[in-house]
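**Q** what's the 3D shape of this:
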Amino acid sequence: MQDHSIVFSMFLIFTGAAVISTLALYARQALLIAYIALGILTGPFGTGLVDDPELIADISEIGIIFLLFLLGLNLEPKDLQHLFREALVVTGLTSLAFALSGLAVALSFGFNLTDSLVIGAIMMFSSTIIGLKLLPTSALHHQHMGEIIVSILLLQDMLAVIIMLLIQGMGSTNSFAREALNIVIGLPLIAAGSYYFSKIVLFRLFAKFDQIKEYVFLLAIGWCLGIAELGKLAGLSVEIGAFIAGVTLATNPIARYIAESLKPLRDFFLVMFFFALGAGFDVSMLGTVLLPALVLAAAGVLLKPQIFRLLLKREKEKERLAGEIGVRLGQISEFSLLIAVVATSSALITDRAASLIQTATILTFVVSSYWIVQRYPTPIAVSEKLRRD
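**A** Now for the predicted structure:
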């Protein structure tokens with residue numbers, strides 16, 4: 001296969017994504033499905049037009065860094081305070097139930113214990129992208145449903161960060177004790193150092209030069225990537241470092257502006273991330289994982305809404321509201337894909353387990369997105385009435 005330049009690869013990714021995204025919108029699907037489909041179609045296991053997906057994957061890692069950074073920026077404690085108990089109870093119980101269901105499915109199809117534990121772990125999370133992108137702006141900012149969904153997703157994402165830390169430690173070539181020491185010592189040191197540096201230096205710089213938007217933008221990116229690299233040097237990961245960088249800025253009033261400014265940049269690299277996932281998807285493995293993937297996806301799409309509904313009703317939420325929230329959270333998460341990538345790169349799970357996670361997650365994206373836009377208000381809903389709500 002002839003080598004293609006990075007410019008050609010970028011052209012193929014973004015022009016192709018624009019075309020396939022148009023088809024996805026007409027089909028009422030989330031756009032990330034289009035990016036994954038494009039990667040499968042043009043990657044080494046498809047047409048082979050992109051023959052170096054590892055290069056794209058390396059670049060796309062910046063998208064994950066920004067995703068974790070923005071997650072940290074949105075973790076201002078006061079936003080969750082009044083819903084914390086309800087969200088914590090619902091998130092804790094549902095995570096346990098979903099993990100046990102994934103573990104049971106994996107074991108029943110002959111996966112080893114480690115594979116099964118990771119497969120169980122990825123079932124705990126719902127898609128932040130689908131959950132928020134398919135939520136009307138009015139519900140996201142002004143309605144009780146939006147508050148509940150955001151609270152649950154934020155707690156799930158924090159749990160996903162912890163899971164990634166554990167997987168990284170378990171899969172490291174260093175001793176597990178050494179990795180645990182890195183976490184126990186390195187994580188608090190970086191967190192404390194970042195917190196005090198941001199208070200003493202960054203906050204003053206933001207306050208003095210907040211009118212120069214370009215400087216604020218550059219300072220935020222430099223802080224994010226700098227702490228991400230520090231996290232890597234400390235034996236943690238760039239993702240954990242980026243998350244810490246975001247959390248340390250969350251209480252600053254300028255955090256909202258930074259989050260809005262970085263979203264286009266994050267989305268640019270996330271397109272490449274999901275494309276790289278698709279390009280790395282080994283279609284030849286599909287036959288060996290299709291049946292367990294269908295069962296796992298069915299567990300996500302059918303069980304998750306019902307369990308969320310029951311627990312939210314237990315917390316005194318109305319039947320209709322609890323049912324809608326359950327459907328909107330009834331899929332596997334993009335964080336599950338990221339966990340699978342981390343576990344695979346750490347040689348913790350087999351290629352078959354990684355393929356199962358990718359296949360099941362994509363299936364839930366497709367089915368869940370279609371179900372939501374058919375029944376509830378979304379920006380891409382089927383009927384004009386639902387689009388107006």
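
**Q** Have a look at the chain and report the helix or strand with the lowest mean pLDDT.
**A** Between all helices and strands in the chain, the lowest mean by mean pLDDT, DSSP states H and E belongs to helix 137-142, at a mean of 50.

**Q** Output the longest helix belonging to this structure.
**A** helix 144-171 (DSSP state H).

**Q** so how far is it from its chain's centroid?
**A** Offset of helix 144-171 from its chain centre (Cα atoms, centre = their mean, to the nearest Å): 9 Å.

**Q** next one: stretch 95-113
**A** On Cα atoms, centre = their mean, the centre of stretch 95-113 falls 21 Å from the chain's centre.

**Q** Kindly report the same for stretch 338-348.
**A** 14 Å.

**Q** repeat for stretch 269-277
**A** Relative to its chain's centre, stretch 269-277 lies at 12 Å (Cα atoms, centre = their mean).

**Q** CA atoms only: put it into CSV for me.
**A** C-alpha atoms of stretch 269-277 as CSV (Å, rounded to 0.1, in the frame of the first residue of the first chain):
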residue,chain,number,x,y,z
PHE,A,269,-9.1,15.9,18.1
LEU,A,270,-12.0,13.7,19.2
VAL,A,271,-13.1,13.2,15.6
MET,A,272,-9.6,11.8,15.1
PHE,A,273,-9.9,9.7,18.2
PHE,A,274,-13.1,8.0,17.1
PHE,A,275,-11.8,7.7,13.6
ALA,A,276,-8.6,5.9,15.0
LEU,A,277,-10.8,3.6,17.0
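
**Q** That one: which residues count as buried?
**A** Buried residues in stretch 269-277, counted by 16 or more other Cβ atoms under 10 Å: 269, 270, 271, 272, 273, 274, 275, 276, 277. Just so you know, the C-beta spots here come from the backbone N, C-alpha and C atoms, and that holds for glycine as well.

**Q** what helix or strand does the third one sit in?
**A** In this case it means residue 271. Here residue 271 sits within helix 255-279, counting by DSSP states H and E.

**Q** Could I get the buried residue list for whatever helix or strand comes next after that helix?
**A** Next along the chain after helix 255-279, taking DSSP H and E as the criterion, comes helix 286-298. Neighbour counts over helix 286-298 (16+ other Cβ under 10 Å) mark 289, 292, 293, 295, 296, 297 as buried.

**Q** residues in contact with the helix or strand following helix 286-298?
**A** Sequence order places helix 304-314 as the next helix or strand after helix 286-298, per DSSP H and E. Residues from elsewhere that reach helix 304-314 (Cβ atoms under 8 Å, 6 or more residues apart in numbering): 89-90, 93-94, 97-98, 126, 148, 319, 321-323, 325-327, 329-331.

**Q** Residue 129 is in contact with residue 369, correct?
**A** No. Counting by Cβ atoms under 8 Å, residue 369 sits too far from residue 129 to count as a contact (10.1 Å).

**Q** what do the two both touch?
**A** Going by Cβ under 8 Å, 6+ apart, residues that sit against residue 369 and also against residue 129 are residue 30.

**Q** ok, residue 202 - contacts?
**A** For residue 202, the contact set (Cβ under 8 Å, 6+ apart) comprises 219, 223, 249, 252.

**Q** try 10 Å this time
**A** 194, 219, 220, 222, 223, 245, 248, 249, 252, 254 (Cβ atoms under 10 Å, 6 or more residues apart in numbering).

**Q** how close does it sit to residue 226?
**A** 11 Å (Cβ to Cβ, to the nearest Å).

**Q** shared neighbours of those two, anything?
**A** 194, 245.
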